[in-house]
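> what's the 3D shape of this:
(chains A, B, C and D, ligands or ions: 4)
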Amino acid sequence: MAVKNILESVRATLFEEMRRDPRVMILGEDVGRHGGVFNATQGLLDEFGEDRVVDTPLAESSIVGIAIGAAVGGLLPIAEIQFADFIHPAVDQIINEAAKLRYRSNNDFGCPIVIRVPYGGGITGGLYHSQSVEALFFSTPGLKIVAPTTPADVKGLLRAAIADPDPVIFLEHKASYRTIKGEYPEGDYIIPIGGADIKRAGTDVTVVSYGMTMHYAWEAADALAQEEGIEVELIDLRTLLPLDRETIIESVKKTGKLLIAHEDNLTGGVGAEVAATVAEHALMYLDAPIRRIAAPDIPATPYHPALERAMLPSKQQIKEAIRELARY
Amino acid sequence: MAVKNILESVRATLFEEMRRDPRVMILGEDVGRHGGVFNATQGLLDEFGEDRVVDTPLAESSIVGIAIGAAVGGLLPIAEIQFADFIHPAVDQIINEAAKLRYRSNNDFGCPIVIRVPYGGGITGGLYHSQSVEALFFSTPGLKIVAPTTPADVKGLLRAAIADPDPVIFLEHKASYRTIKGEYPEGDYIIPIGGADIKRAGTDVTVVSYGMTMHYAWEAADALAQEEGIEVELIDLRTLLPLDRETIIESVKKTGKLLIAHEDNLTGGVGAEVAATVAEHALMYLDAPIRRIAAPDIPATPYHPALERAMLPSKQQIKEAIRELARY
Amino acid sequence: MKSTRNEPIEESVAGSVDRHTPLGLTDADVLHMYRTMLLARAFDDRASILFTQGKIPFTVTGHGHEAAQVGAAKCLTPGRDWVLPYYRDIGVVLMLGMTVREIMLAEFGKAADPNSGGRQMPKHWGCRRLKIMSQSSPVATQLPHACGLAWAMRVNKEPGVVWVSFGDGVASKGDFHEGLNFAGIHKLPVIFFCENNYYAISVPFSKQSPVERVSDRAAAYGMPGVSVDGNDVFEVYQATREAVERALAGEGPTLIEARTYRIVPHTSNDDDRRYRSRDEVEMWKQKDPIRRMAVYLKGVGLLDDEKDARLRAEVEAEVREAAAWAEAQPDPDPATVGRFVYAEEGSDGVGR
Amino acid sequence: MKSTRNEPIEESVAGSVDRHTPLGLTDADVLHMYRTMLLARAFDDRASILFTQGKIPFTVTGHGHEAAQVGAAKCLTPGRDWVLPYYRDIGVVLMLGMTVREIMLAEFGKAADPNSGGRQMPKHWGCRRLKIMSQSSPVATQLPHACGLAWAMRVNKEPGVVWVSFGDGVASKGDFHEGLNFAGIHKLPVIFFCENNYYAISVPFSKQSPVERVSDRAAAYGMPGVSVDGNDVFEVYQATREAVERALAGEGPTLIEARTYRIVPHTSNDDDRRYRSRDEVEMWKQKDPIRRMAVYLKGVGLLDDEKDARLRAEVEAEVREAAAWAEAQPDPDPATVGRFVYAEEGSDGVGR
Ligand SMILES: Cc1ncc(C[n+]2csc(CCOP(=O)(O)OP(=O)(O)O)c2C)c(N)n1
Ligand SMILES: Cc1ncc(C[n+]2csc(CCOP(=O)(O)OP(=O)(O)O)c2C)c(N)n1
Ligand SMILES: [Mg+2]
Ligand SMILES: [Mg+2]
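Ligands and ions are numbered 1, 2, ... in the order given. Next up, the predicted model:
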């Protein structure tokens, strides 16, 4: 198997899918001639031409709106929003249109679009090139939200997203693009949307995470196992919506301890729903209060690295929280 | 004291505030000559003129954007979004601009705007005239979200919102406009933003709610006290953001049982954060699993009354859940 | 193409000059168009009565827009063209082949309503069979959809045009700009059809637009803009046909403004006395497009009072029958409220 | 006002005709403008070096836009007018009175950066003292803000104009449309200043716009639109001054397009060889507005090589000194990361 980083996995999967199915198209800012500001679409224009790789004007609402129309017209559009921070002008098209099209038409129309969204901090991007936007869409039935963390998950879930008959927001953590490497499965590898992945089995503490934070949690868990014999069960949500409640509940029933860690800010984050789910369906199995680690409730990651570090959840924080839970 | 309904309270407060402070202005669709599609601004244009009561074009992003600029220019704008369902085009201006202006400028600029938003179902408004949008903004530090339920709370909190140096989303439940009546306090009555209100003290079960659902919970609680001697402590959140975590935690420490009820759909709703807060900070006081009653995870309230009823949380549901918790 | 305000009926349609034959319209065509206008009006009158009777919770109608709608829709080819009509466009969907019974089902929000199965307000059109894309309430969002549909048709080498309509209020919105801009850049076969009735609910056109005509905005998007008397079915037909021909010839989009008037309140919830004078409304009632069409047809000998009365009785009966029938149809089953949030297993998958 | 593409330098500024005096600009004015252009350029050159040295994580510069910026800003009155400059506009903020040291603090994201205290990327301007409204990264949002500021000035009977700038890419966005529309309807004293450098990152103007000039869009908003050679400081000055005069006279907004070129990559993260030819960039380097201004000043006898060298050495020294100074200033205190999400107790309350 080839080893690729996250970015290479995105790009390779796009190539494969566009070769496989002529209905797949890409649209967004700088996705064509430039190949995308992160290079995720490099080479696609040359191979697939201007009909299928569209450099749009700087106008996010229409990028998603055009994708919706093209999907109804029979194509399988993948819209790129250059940075998650710029998805807000498209919220109406995403929430009121894409997510409601099937429901409002009583299944007469569907909306098979994928919206690729580079997100997250840790790249000195400041307030507007670092945001986590999953909470913004997490309360939207009709949408699916996917946030893969490994190159294999990227391939499997991007293929599933493209094949999905409903709109999927595909979150790519920018800090992982070049730092996270792993095996890139060949061929028809696909991962169904909707299932969390147990990245590490364990009996002492359940840790639920996703995105870059999942990698920090993974490192923390491995270190704690080696250094202190604490066995963490690490659940990578991978799909945020629909949430795989069963896997979480089953794990907590086993461990009795729950830590949720994500980079998005605390209040109203995905972690709240995970905690609520357990407090409803596995409360009597809990041996300790649920813990959440998240960014503080500030508008976004500030620019200066000293401020950015103070804001983002760290491996160290996660390690300490796990340790406290294990000892509780 | 005069008795007013919710709508009359909104209107009367707007009159008082505009008389009191010449900086207060109103802008939005149909707010002037028409007086608003719900009549909330009727008469204002006549008294305060076109400088202060502005019929805008049909363009929500600019309604909020203009309000932001006017606020920086020294006015105190109240923007009306005609229905919550149409706030989505303004999400960029609200989340990326209004909510971040103070933080990004390191306190050099503030954004004292109020966004009045009629929301909620139960008025046969169908998918796009019934939405609850609080979850959409609930993960946005820098914003405040207020959702008063009684005419007195409306006055007190609308005055506080106008006086607030930061952007406030002021949610008015449409189904309450004419159905909920109560005393309208004269004079300088004001309620600080950020505090929940214990609408009913009790020892058996804590019920946390807001909006129309709070009224159903109130009726359910009164009925249960009378019929079955179950004493509910009913917390009306009133302010959703910042969330008054202390009041919730204190109450649960006393009752050991928690039900959260809201009309917004379950996943990612305000109720998730309330549940998570208790699971973190009062877990060991809980004598029963936390319960949530919310709309099912569907895109919004369908139009036909039979479907709408099937979707909205009811007094009966709340009553049963309280009873089950009390007996747990 | 005239771009002035509508003239009084007498001047513009009196006399007996045949205007339809030169446009390629047969006598049968214009009679069918007239009948469809009558049907739309009769339907909307009935809907208003059903609302007053408390039989339906809400309605929105196209009173006054019938010529604009029927004239434009006559240029479309059902099954070939994608159509994105807005909530006033009963005349459009009737021309495309949606039946009175079907529309009446939506009015009652019945389970069998083909538009939404009772999930959306009435007149929120959508019907795959007729290539009517499902419409929401938030306005202007459909303009970028029209561009996406046109892109797909181009890529898939499918013939046809995309026709999308909207009110004057919509010309203020960001999505209007973004949609027309994209269509202009790529010369997409889209016809942007604005039914300018001079009000967005209560806000008069002068408070929405710094320019006199919606069509004045077309130049900003490198496309032709035409304003027509929207109460004159032939002016609308001619402008739309030219736009369809341009689109089919690969010459790109057109913005058409049909200047008309809503002679009733905005919806069943509205009271228009708050924001406009009775004189103004009366003045426009004199220009009622249905009256104008009748005067024309009589002038050219295609209609007489007796035939007119028969037609009106016919459509009235059709509408009454449909209302009674629809009222008796099953309501949506509350148990279905959770269905089709996502595609269901075993449904026909992608694209549906 | 010419509206053609920029001419080669030789034709447009050679000779020794005095162009500034007739415009009411003194010799001191034009020398100050030239010095500010040099300062902006020197600053941006230094910022690029600091990035290459790894001393700052990112930079974005105004290389090539200096004439447009300085010519426009010369028409503004600091403290009276509200200004909403975009990330390339170092020339504008220098003219308004932001100091090189202050800007350098932002480049390093230092605690004392007056724009954001190191919270935003550099060049994201904001300074209440200078009436520069805080700017974000999402583009176009500032256009409605400009309208709101103008509304407040009108209501409060404060004299002055609102000047808001943006790139050609922004003309595609919904907020551009909504902002210009509102300003047009109410004849607000706003100057919309577009620095058209023919690219939105890599997307060429032809893929963003169906019309040749951004100013072609002004008519849709009932306002004058002018295109000027953005590399000619006097053309920009004249057009802006006229717009300011119109605005002050209550005649409403103007859309100005200054046609220029970014002679460097989009930002320090960009590689422009991916999307444009070296020939094209070279061609535009020949039209460098600073060279053109120098040629002009020499032509009219206000500058010679020696004085030019002295000025350049001066600004270079100023920029170097500021960089060294700023680098040594305190970083933001991590403990402050949670401050000013909301107004703090005891702060000066509403409006701040
Ligand atoms: C985005 C959005 N904002 C507000 C509304 C509420 N609303 C419904 S119709 C309407 C006026 C539309 O006017 P116009 O476009 O002129 O169409 P008309 O009804 O006059 O035919 C408004 C404001 C809406 N549907 N969508
Ligand atoms: C809403 C939004 N989408 C995308 C971006 C990313 N982005 C930053 S600058 C830019 C191009 C801007 O081009 P233009 O307006 O022409 O200004 P220029 O940089 O050429 O001066 C883009 C796409 C953004 N900042 N905001
Ligand atoms: Mg209208
Ligand atoms: Mg540009």
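> quick one: low-confidence parts of chain C?
C:1-14, C:346-352 (pLDDT under 70).
> hmm, 90 instead?
Residue ranges of chain C with pLDDT under 90: C:1-16, C:345-352.
> One more: the stretch 201-328 of chain A?
Applying pLDDT under 90 to the stretch 201-328 of chain A flags no residue at all.
> Can you show me the helices along it?
Along the stretch 201-328 of chain A, counting by DSSP state H, counting those that start in this stretch, helices occupy A:211-228, A:245-255, A:270-281, A:305-311, A:315-327.
> So what's the residue count around the closest residue to C:Gly222 other than its chain neighbours?
Spatially, and ignoring its direct neighbours in sequence, C:Gly222 is nearest to D:Pro210 (3.2 Å; CB to CB, 6 or more residues apart in numbering or on different chains). C-beta: built from backbone N, CA, C; applies to glycine. D:Pro210 has 23 neighbouring residues, counting by other CB atoms under 10 Å in any protein chain shown.
> Could you pull up the residues touching residue 121?
I went with chain A, as the question did not name one. A:Gly121 makes contacts with A:130-132, A:175, A:263, A:300-301, A:308, A:311-312, as judged by CB atoms under 8 Å, 6 or more residues apart in numbering or on different chains.
> Can you look at chain C instead?
By CB under 8 Å, 6+ apart, the residues touching C:Met121 are B:125-126, B:128-129, B:303, C:58, C:60, C:87, C:137.
> Also A:Leu224?
By CB under 8 Å, 6+ apart, the contact set of A:Leu224 is A:230, A:232, A:319, A:322-323, A:326.
> what do you get for C:Pro265?
Listed by CB under 8 Å, 6+ apart, the contact set of C:Pro265 reads C:271-272.
> element containing it, please.
Counting by DSSP states H and E, no helix or strand carries C:Pro265.
> how close does it sit to chain B?
Here C:Pro265 is placed at a distance of 11 Å from chain B (CB to the nearest CB, to the nearest Å).
> quick one, phi/psi of that residue?
phi -60, psi 170 (degrees, to the nearest 10).
> Roughly how far does C:Gly71 sit from chain A?
C:Gly71 sits at a distance of 25 Å from chain A (criterion: CB to the nearest CB).
> what about that residue, which SS state?
Three-state call for C:Gly71 (DSSP: H, G, I helix; E, B strand; the rest coil): helix.
> ok, for it, nearest residue in space, not its chain neighbours?
Closest to C:Gly71 by CB to CB, 6+ apart is C:Val236, at 3.1 Å.
> Surely that neighbour and C:Gly230 touch.
Yes - in this structure, C:Val236 is within contact of C:Gly230 by CB atoms under 8 Å, at 6.1 Å.
> Between those two, which contacts overlap?
Shared contacts of C:Val236 and C:Gly230, counting by CB under 8 Å, 6+ apart, come down to C:67-68, C:258.
> Of those - the most surrounded one?
Top of these by neighbour count (other CB under 10 Å): C:Ala68, with 36 neighbours.
> correct me, but it touches C:Phe234?
No - the pair C:Ala68 / C:Phe234 is not scored as a contact, 11.6 Å apart, by CB under 8 Å.
> Check which helix or strand A:Pro192 maps to.
A:Pro192 belongs to no helix or strand, assigned by DSSP H and E.
> Provide a list of residues in contact with it.
Residues near A:Pro192 by CB under 8 Å, 6+ apart: A:Ala160.
> returning to that earlier point: pick out the most distant pair among the contacts of C:Met121.
Taking CB to CB as the measure, those span a maximum distance of 13.9 Å, between B:Gly125 and C:Tyr87.
> Which of those two has more residues huddled nearby?
In this view B:Gly125 and C:Tyr87 are compared by other CB under 10 Å, and B:Gly125 has more residues nearby, 24 against 21.
> Next, the contact list for the nearest residue in space to that one that is not next to it in sequence, please.
Excluding the flanking residues, the one nearest B:Gly125 by CB to CB, 6+ apart is B:Thr301, at 7.0 Å. Listed by CB under 8 Å, 6+ apart, the contact set of B:Thr301 reads B:121-122, B:125-127, B:130-131, B:295, B:307-308, B:311-312.
> what about B:Thr301, distance to B:Val114?
26 Å (CB to CB, to the nearest Å).
> What separation is there between C:Gln286 and A:Lys254?
Taking CB to CB, one finds C:Gln286 at 79 Å from A:Lys254.
> More neighbours: which of these two?
The neighbour comparison of C:Gln286 against A:Lys254 (other CB under 10 Å) goes to A:Lys254, with 16 against 13.
> check contacts around residue 83.
In the absence of a named chain, chain A is used. Neighbouring residues of A:Phe83 by CB under 8 Å, 6+ apart: A:118-119, A:125, A:128-129, A:131.
> other chain: chain C
C:73, C:76, C:92, C:96, C:130-133, C:162-164 are the contacts of C:Val83 under CB under 8 Å, 6+ apart.
> which helices and strands does the helix or strand hosting C:Arg312 pack with?
When secondary structure is defined by DSSP H and E, C:Arg312 falls within helix C:305-327. In terms of contacts (3 or more CB pairs under 8 Å, 6 or more residues apart in numbering or on different chains; DSSP states H and E), helix C:305-327 is packed against helix C:27-52, helix C:100-107, helix C:289-299.
> Out of the ones you listed, flag the one nearest chain D.
Judged by CB to the nearest CB, the one of the helices and strands packed on helix C:305-327 that comes nearest to chain D is helix C:289-299, at 28.2 Å.
> Report the inter-axis angle for that closest one versus helix C:27-52.
In terms of direction (axes from the mean of the first three to the mean of the last three CA atoms, to 10 degrees), helix C:289-299 departs from helix C:27-52 by 150 degrees.
> all strands for the chain, in order.
Just so you know, I chose chain A. Secondary structure of chain A (DSSP state E): strands located at A:2-5, A:24-28, A:53-55, A:76-80, A:114-119, A:144-146, A:168-173, A:181-184, A:197-200, A:205-209, A:232-236, A:239-241, A:258-265, A:291-295.
> hm, I was asking about chain C
Going by DSSP E, chain C shows strands at C:82-84, C:162-167, C:190-196, C:199-200, C:203-204, C:225-229, C:254-259.
> Switch those strands over to JSON lines; also include distance to C:Ser268.
Below are the strands of chain C laid out as JSON lines (distance: least, CB to CB, whole Å):
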{"stretch": "strand C:82-84", "distance to C:Ser268": "24"}
{"stretch": "strand C:162-167", "distance to C:Ser268": "17"}
{"stretch": "strand C:190-196", "distance to C:Ser268": "19"}
{"stretch": "strand C:199-200", "distance to C:Ser268": "16"}
{"stretch": "strand C:203-204", "distance to C:Ser268": "19"}
{"stretch": "strand C:225-229", "distance to C:Ser268": "28"}
{"stretch": "strand C:254-259", "distance to C:Ser268": "24"}
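> Select, out of those strands, the one closest to B:Gln42.
Closest among the strands of chain C, once you apply CB to CB, is strand C:203-204, at 15.5 Å.
> for chain D, what are the nearby residues on the stretch 151-300 of chain C?
Where the stretch 151-300 of chain C comes near chain D, counting by CB under 8 Å from any CB of the partner chain, the residues are C:172-178, C:181, C:184-185, C:206-211, C:216-217, C:219-223.
> Now the buried members of those residues.
Taking 16 or more other CB atoms under 10 Å in any protein chain shown as the criterion, what is buried in these is C:172-178, C:181, C:184-185, C:207-211, C:216-217, C:219-223.
> Up against chain A, what does the stretch 51-200 of chain C have?
Counting by CB under 8 Å from any CB, the residues of the stretch 51-200 of chain C near chain A are C:82, C:113-117, C:119-120, C:124, C:126-128, C:133-134, C:136, C:138, C:141, C:143-156, C:174-175, C:178-179, C:181-182, C:185.
> Which of those fall within helices?
In this view, those that belong to helices under DSSP state H are C:143-155, C:174-175, C:178-179, C:181-182, C:185.
> Just give the number of residues close to A:Ile249.
Close neighbours of A:Ile249, defined as other CB under 10 Å, add up to 18.
> what's the answer for C:Pro330, then?
9.
> Kindly report the same for A:Glu228.
So A:Glu228, with other CB under 10 Å, has 14 neighbours.
> Find the nearest non-adjacent residue to it, please.
A:Arg323 (7.0 Å).
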